[in-house]
Structures are given as C-alpha cells and as structure tokens.
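*Asks:* need a 3D model of the following:
(one chain, ligands or ions: 1)
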Amino acid sequence: MTFRLEKLTVRHLAAAQHAAPALVDLDLVVEAGEQLALIGPSGAGKTTLLATLACAHRPAQGGFSVLGQDPWALSQAARHRLRARLFLAPQAPPLPPRQRVVTAVLAARLPHMTLWQAFASLVRPSDPDAAHAALARFGLGDKLYARVDRLSGGERQRCGLARLLLSSAEAFLVDEPISALDPALSQHTLTTLQHEASARNATLVCSLHQVEMAREHFPRLVGLRDGRIVFDAPREAVTDAMIAALYENDHMQPHPGHPHETPERIAVGACF
Ligand SMILES: Nc1ncnc2c1ncn2[C@@H]1O[C@H](COP(=O)(O)OP(=O)(O)OP(=O)(O)O)[C@@H](O)[C@H]1O
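*Replies:* Below is the predicted model:
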C-alpha cells in the first residue's frame, strides 16, 4: 500500500484561525501501482492533498501512512528519506532562472547524491544523455541546453515532468500536468506519465481540471469538494450526474487566488 488516510484533516499554517480546514476527515487508501485522478472545483483541496501525500503538510488530525510509515512520527532525517521515495510535480515547477534545462532535469537525482556529487553536477551535468532521453519523451529533446527562463509555460511544465522520469520515486504526485498544454500534447503527456508509472509499478495520483481527460485516462476517480471526498469510484461508476453535482455552482465560487506554500517549504524543486 502506498498511502492510507484515516479521517485526515489538514489546515494551512497561513489560513485564518476561523477558516475551515483545507481537507476534512479524508479516508483514502491507494495501493502500490494504482493510478487515480483527483478532480473537483477550484479550491476543493486537490493541491493540498497532493502536498500532504508528499509529506509537505503535517496533518492536524487523523491517521496517515506513506509506504507503510507514519512520516510525522519519524525523525526529520528518516522523513527526508521517505520523501525521496515520492515525487511531487507542482503545476508550475519552481525552476531556477538562468539554469540550463539539462541541469534542472538532472536535479531530480539530487536527493540520491552525495553532497560532492550534487555540487559537481551543478558545474558539469553528470548524465546529459539521460536528461535528453527524458526530455525527448515529452517532445523537448531540442531544449537540453536551453535556459529554463526562456521556455514557454507548457515547455516548463513538461521540463518539470521530465524530472519525474529521472527520479527513482515509487509514487508520482502530479498537480495539473496539462494545464498549459494543447489537446494533442495533453494526451501525449498523460499517456507518457501513465506508461512510466506502469513500467515501474509506481503509484500515480494526478489532479486534473479536464474531467473528460480524467475519465478517459484514469481507472479511478476521486472527486473533492470543499476539502471533502464526494466520491471515490472506478470510472465506470462515475456518472454525468455525479460530475455535475461535484461542480455545481462552481462558476459562482471565487478562485482562491492564494499563494501556495513556498517552494522552500516543500523542498528544492519540489522533488524529494
Ligand atoms: N498556502 C495557503 N495558505 C492558506 N490557505 C490555503 C493555502 N493554499 C491553499 N489554501 C486554501 O486551501 C483550500 C484548498 O486549496 P487547494 O489549492 O488545495 O485547492 P485546489 O483544489 O488545488 O484548487 P485549484 O484547482 O484552484 O488549484 C482553499 O480554500 C484554499 O484557499
């Protein structure tokens, strides 16, 4: 089993005291190698849930285990090792400006390097062929030596996903990976992520705003709204009425427009 949540409640540290928790009483079990999509309106809690699974938010209440361990009962060093077995791909990867794409992609391996190897890899990319192969799978083979601040939004997004291919993570937590991509690239990107997860029997939890893509690609759909799980079902069991209810009056809800947790808090490059 990769994740087990029992009556899990999560509050943002920066949230007002009277504010409702971002996640409330969540019960969720995700088995090793499962692929599921998180869907739900803006502010539902999808990003918070992914960051919680990545051990970036300490839950306020409830039971939580990751790969058989309670991350918050571990020492900091042990939790760091546990995080290195997970990969969180944020919607907008925090790539350092002026860095070359090759260096940014190879940073996925930093958690498994010694300090000396990590330093040396910043000066001279350790394995450009591997970075090229990962980028090529997302159609970015020609950007190996481009500067990350000269990439388009969609290219940056795919550069962040190329990192995932180089990590040795057992679970991929991917936040809206196709929000900046056109329909053809979206299909290709989701398929690539899913193939990679299947090939290494990694768990894949992916938040998506494109409900039809979620239904087409993922065998299990979890609908979140107001921090609660509204449904958790195989795609065949998810009806149009359930989707309509999940998003009902969504257009009336203001977009939260909040800053997410800072990259520093989540980890360098959000790649553990
Ligand atoms: N850093 C933060 N500080 C305080 N509150 C936050 C923070 N990040 C999110 N929230 C609040 O937590 C709740 C869940 O937000 P979250 O970003 O997880 O939703 P989401 O489903 O990912 O939304 P979207 O689809 O718009 O990205 C919202 O009420 C939001 O305002």
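*Asks:* residue ranges of the helices in the stretch 1-150 of the chain, please?
*Replies:* Here the stretch 1-150 of the chain has its helices, by DSSP state H, counting those that start in this stretch, at 46-53, 76-83, 101-106, 115-123, 128-137.
*Asks:* mind telling me which of those the model trusts least?
*Replies:* Lowest mean pLDDT of the helices of the stretch 1-150 of the chain: helix 115-123, a mean of 66.
*Asks:* quick revisit: out of the helices of the stretch 1-150 of the chain, which comes closest to Ala171?
*Replies:* Shortest separation from Ala171 across these is recorded for helix 46-53, at 7.5 Å, computed as C-beta to C-beta. Using the backbone N, CA and C atoms, a C-beta is placed for each residue, glycine as well.
*Asks:* name the residues of the closest one that are buried.
*Replies:* By neighbour count on 16 or more other C-beta atoms under 10 Å, the buried set for helix 46-53 is 46-53.
*Asks:* for that helix, the distance to its chain's centre please.
*Replies:* Offset of helix 46-53 from its chain centre (C-alpha atoms, centre = their mean, to the nearest Å): 8 Å.
*Asks:* please save the CA atoms from that helix in PDB.
*Replies:* Taking Å, rounded to 0.1, in the frame of the first residue of the first chain, the C-alpha atoms of helix 46-53 are listed here in PDB:
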ATOM      1  CA  LYS A  46      -6.500  18.900  -4.700                       C
ATOM      2  CA  THR A  47      -3.100  20.600  -4.400                       C
ATOM      3  CA  THR A  48      -3.300  20.400  -0.600                       C
ATOM      4  CA  LEU A  49      -4.000  16.700  -0.800                       C
ATOM      5  CA  LEU A  50      -1.100  16.100  -3.200                       C
ATOM      6  CA  ALA A  51       1.300  18.200  -0.900                       C
ATOM      7  CA  THR A  52       0.000  16.200   2.100                       C
ATOM      8  CA  LEU A  53       0.700  12.900   0.400                       C
END
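*Asks:* helices and strands around that helix, which ones?
*Replies:* Helix 46-53 sits against strand 3-10, strand 23-30, strand 35-39, strand 86-89, strand 171-175, strand 203-207, with contacts defined as 3 or more C-beta pairs under 8 Å, 6 or more residues apart in numbering; DSSP states H and E.
*Asks:* how about the ones you listed in TSV, adding distance to the ligand?
*Replies:* As requested, those are arranged in TSV below (distance: least, C-beta to the nearest ligand atom, whole Å):
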stretch	distance to the ligand
strand 3-10	9
strand 23-30	8
strand 35-39	8
strand 86-89	13
strand 171-175	7
strand 203-207	6
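*Asks:* picking that back up, give me the subset of the buried residues of helix 46-53 touching the ligand.
*Replies:* Counting by C-beta under 6 Å from any ligand atom, 46-48 from the buried residues of helix 46-53 sit close to the ligand.
*Asks:* relative to Gly160, which of the residues you listed is nearest.
*Replies:* Thr47 (14.4 Å).
*Asks:* for the closest one, which non-adjacent residue is spatially closest?
*Replies:* Sequence neighbours aside, Asp175 is the residue nearest to Thr47 in space, at 5.5 Å (criterion: C-beta to C-beta, 6 or more residues apart in numbering).
*Asks:* secondary structure element for the residue lying closest to Ala44 once chain neighbours are set aside?
*Replies:* Leaving out its chain neighbours, the residue that sits closest to Ala44 by C-beta to C-beta, 6+ apart is Leu224, at 4.2 Å. Taking DSSP states H and E as the criterion, the element that holds Leu224 is strand 220-225.
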